[in-house]
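In: no sequence for this one, just the structure:
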Ligand SMILES: O=C(O)c1cc(=O)[nH]c(=O)n1[C@@H]1O[C@H](COP(=O)(O)O)[C@@H](O)[C@H]1O
C-alpha cells in the first residue's frame, strides 16, 4: 500500500526543502534553450529539468498545456517527462486543472491518479467551479492510490477574485467555502492530509483561514511579481505546509543543468528561509 501523498510530500520537503519547480516549455524558453518548438523540444526540455533537479527539490509540476499544444506527440512527451521524474524520485504534481460532472471527473481521476494509467502522477491540480462535491471522484482516487489533489482556491491571476471573492448564499466567499471543504477532508490526518489548495503569492492580503491541514501550492512568485515578503506576510502559522512554486524564474536559467540547479537552490533557500 502506497503511503498517503500528504506523508510522502512531508518527507520529501523535509529532505529537499519546499520548492516546487514548474516544467513549462513555453515557446520562448524552448527558443532560448536552442530547442525546437515541437514535441521533441518539449521532451528534451522536460528531461533536462528532471536530470538537473532530481535529488535537489521535492516536487516538479509539469504544466500539461505546454505539451498538449503539440497533440498526441506532445502528450507522449508529457508521459515520458512524468515517468522520468517519478523514476528519478521526484514527486510529480501534474498541472491540468481538471474539473467536470462526477462521471467525467472519475475518468479524469483514473487518467491522472490510477497507477495503471500511462499519465499517472503523484498529484494533480483541479478546478472546483462545478461545485466542491463534483471533485469527489478525485478525492476517492487519491485515497485509493496514495495520490494528492490541489484545489484552486485563491489563484494568482488578477481575474480570480471575480469568482473567488464572490459570496455564496451562506454569506461566505467562494474561496472560503473551498478552503473549509478541503480542511474538512484533511481533518485528523497527520502530519497533513493529501488534499491541498492553490493560493497565489500575488493575492494581496486575505482574511481567509488557510489552516487546511494540507499542502498549500503557492505560484505567482518571480515572473508574476510575488516574492519572499508575500510568503512571510500571507502564511505565518501555516508556513510548514507551503510549497512555493516557480516556473519561469528558474527555467530561464537553462539549458545548462548546473545553472538550473543553482537557480533552484537559490530560490529554494530564499523561500525556505522565510517559511521557517
Ligand atoms: O495551479 C497552478 O500551478 C497555478 C495556479 C495559479 O493560481 N497561478 C499559476 O500561475 N499557476 C501555474 O503556475 C505556473 C506559474 O508559472 P511562472 O509564472 O512562470 O512561475 C504556471 O504553470 C501556471 O499555470
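Out: That came through fine. Because the structure is predicted, anything quoted here is derived from the model rather than measured. Residues are numbered from 1 along each chain as shown.
In: would you map the helices across the stretch 151-276 of the chain?
Out: 161-164, 174-186, 228-235, 248-251, 257-275 (DSSP state H, counting those that start in this stretch).
In: helices and strands around the second one, which ones?
Out: With contacts defined as 3 or more Cβ pairs under 8 Å, 6 or more residues apart in numbering; DSSP states H and E, helix 174-186 has these neighbours: strand 148-154, helix 161-164, strand 195-199. (Glycine included, C-beta is placed from N, CA and C.)
In: quick one: closest of those to residue 228.
Out: Of all the helices and strands packed on helix 174-186, it is strand 195-199 that lies closest to residue 228, at 15.5 Å by Cβ to Cβ.
In: relative to that closest one, what are the paired strands and their orientations?
Out: Next to strand 195-199 in the sheet, as set by DSSP bridges, lie strand 148-154 (parallel), strand 216-218 (parallel).
In: what about residue 189, neighbour count?
Out: A total of 15 residues lie near residue 189 under the criterion other Cβ atoms under 10 Å.
In: cool, and residue 258?
Out: Residues near residue 258, counting by other Cβ under 10 Å, number 9.
In: not counting sequence-adjacent ones, nearest residue to it?
Out: Take residue 258 and drop its neighbours on the chain: the residue closest to it by Cβ to Cβ, 6 or more residues apart in numbering is residue 52, 7.7 Å away.
In: the one you found sits in which helix or strand?
Out: Secondary structure from DSSP states H and E places residue 52 in helix 39-53.
In: about what we covered before: most packed of the helices of the stretch 151-276 of the chain?
Out: helix 248-251 (a mean of 22; mean count of other Cβ atoms under 10 Å).
In: spell out which residues of this structure are next to the ligand.
Out: Within the chain, the residues that sit near the ligand (Cβ under 6 Å from any ligand atom) are 22, 24, 63, 95, 125, 155-156, 198, 200, 219-220, 222-224, 245-249.
In: that older thread, distance check, the residue nearest to residue 258 against the ligand.
Out: 17 Å (Cβ to the nearest ligand atom, to the nearest Å).
In: pretty sure that residue sits against residue 261.
Out: Yes - in this structure, residue 52 is within contact of residue 261 by Cβ atoms under 8 Å, at 5.0 Å.
In: how about a markdown table for the helices of the stretch 151-276 of the chain, with mean pLDDT added?
Out: Shown next, in a markdown table, are the helices of the stretch 151-276 of the chain (pLDDT from 0 to 100):
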| stretch | mean pLDDT |
| --- | --- |
| helix 161-164 | 96 |
| helix 174-186 | 98 |
| helix 228-235 | 96 |
| helix 248-251 | 98 |
| helix 257-275 | 97 |
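In: run a quick neighbour tally on residue 119.
Out: Neighbour count of residue 119, defined by other Cβ under 10 Å: 18.
In: isn't it right up against residue 83?
Out: No - Residue 119 lies out of contact with residue 83 (Cβ under 8 Å); the separation is 9.1 Å.
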